[in-house]
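Trainee: Whatever this is, show me its structure:
(one chain, ligands or ions: 1)
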Amino acid sequence: MKILVINGPNLNLLGEREPNIYGGDTLESINATLSKKAEKMGYELSFFQSNSEGALIDALHASRTDCAGVILNAGAYTHYSYAIRDAIAAIKLPVVEVHLSNVNSRDEFRKTSVIAPVCVGSIAGFGKYSYHLALDALCYRFSADQEAKK
Ligand code: DQA
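Mentor: Got it, this is the predicted structure:
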């Protein structure tokens, strides 16, 4: 089973970008550790990062043909991109919203997520472990969906 992990704007700079907020790990090292965890759980991860809204939307669209779910850190687009929200709603795959930082304890504008209502759930505030928790949550969701079908 394939899961796509999508990271949005400025997340390519993890490691050097405001490490006091986002931690000192690079996106590459976060992805590598997450990949190992997924492998042990029997899932195959693929990764995509872009600073462009359209490219993120294209990646969401493409995921619908070969992925079972998506883990998405949309960065600042989280707070205002109705286009990304519509793409999530369109693909009908479970998408878990992720943030490294606790967006609810920061600037006012970060407390709004326009994508949250179309995601299966949201995880924020656990640094790089937010991605691990999102993977666990998605797998839980897969088994709950299987159970419901029985
Ligand atoms: C972020 C939180 C957003 O508010 C911010 O714009 C980011 C990163 C996070 O992972 O904590 O780019 O999504």
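Trainee: Now do the same contact list for the residue nearest the centre of the chain.
Mentor: For the chain, the residue nearest the mean C-alpha position is residue 72 (1.9 Å; Cα atoms, centre = their mean). Contacts here follow Cβ atoms under 8 Å, 6 or more residues apart in numbering; on that basis residue 72 touches 5, 6, 8, 60, 88, 95, 96, 97, 98, 115, 119. Any C-beta I mention is one placed from the backbone N, CA and C, and that applies to glycine too.
Trainee: One more: residue 84?
Mentor: Counting by Cβ under 8 Å, 6+ apart, the residues that residue 84 touches are 53, 56, 57, 60, 74, 77, 114, 115.
Trainee: any chance of those in a markdown table, with pLDDT, secondary structure and distance to residue 28 too?
Mentor: Shown next, in a markdown table, are these (pLDDT from 0 to 100; DSSP: H, G, I helix; E, B strand; the rest coil; distance: Cβ to Cβ, whole Å):
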| residue | pLDDT | secondary structure | distance to residue 28 |
| --- | --- | --- | --- |
| 53 | 98 | helix | 23 |
| 56 | 98 | helix | 19 |
| 57 | 98 | helix | 24 |
| 60 | 98 | helix | 22 |
| 74 | 99 | coil | 19 |
| 77 | 98 | helix | 21 |
| 114 | 98 | coil | 29 |
| 115 | 98 | coil | 25 |
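Trainee: okay if I get the residues you listed as CSV plus neighbour count and distance to the ligand?
Mentor: As requested, the contacts of residue 84 are arranged in CSV below (neighbours: other Cβ atoms under 10 Å; distance: Cβ to the nearest ligand atom, whole Å):
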residue, neighbour count, distance to the ligand
53, 16, 13
56, 25, 12
57, 20, 17
60, 24, 16
74, 27, 7
77, 22, 8
114, 17, 12
115, 23, 11
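Trainee: what about stretch 38-49, average pLDDT?
Mentor: What stretch 38-49 shows for mean pLDDT is 97.
Trainee: how distant is it from the center of its chain?
Mentor: 12 Å (Cα atoms, centre = their mean, to the nearest Å).
Trainee: tell me which residues in that stretch are buried?
Mentor: 38, 43, 45, 47, 48, 49 (16 or more other Cβ atoms under 10 Å).
Trainee: Let me know the closest of these to residue 145.
Mentor: Closest approach to residue 145 among the buried residues of stretch 38-49 (Cβ to Cβ): residue 43, at 14.7 Å.
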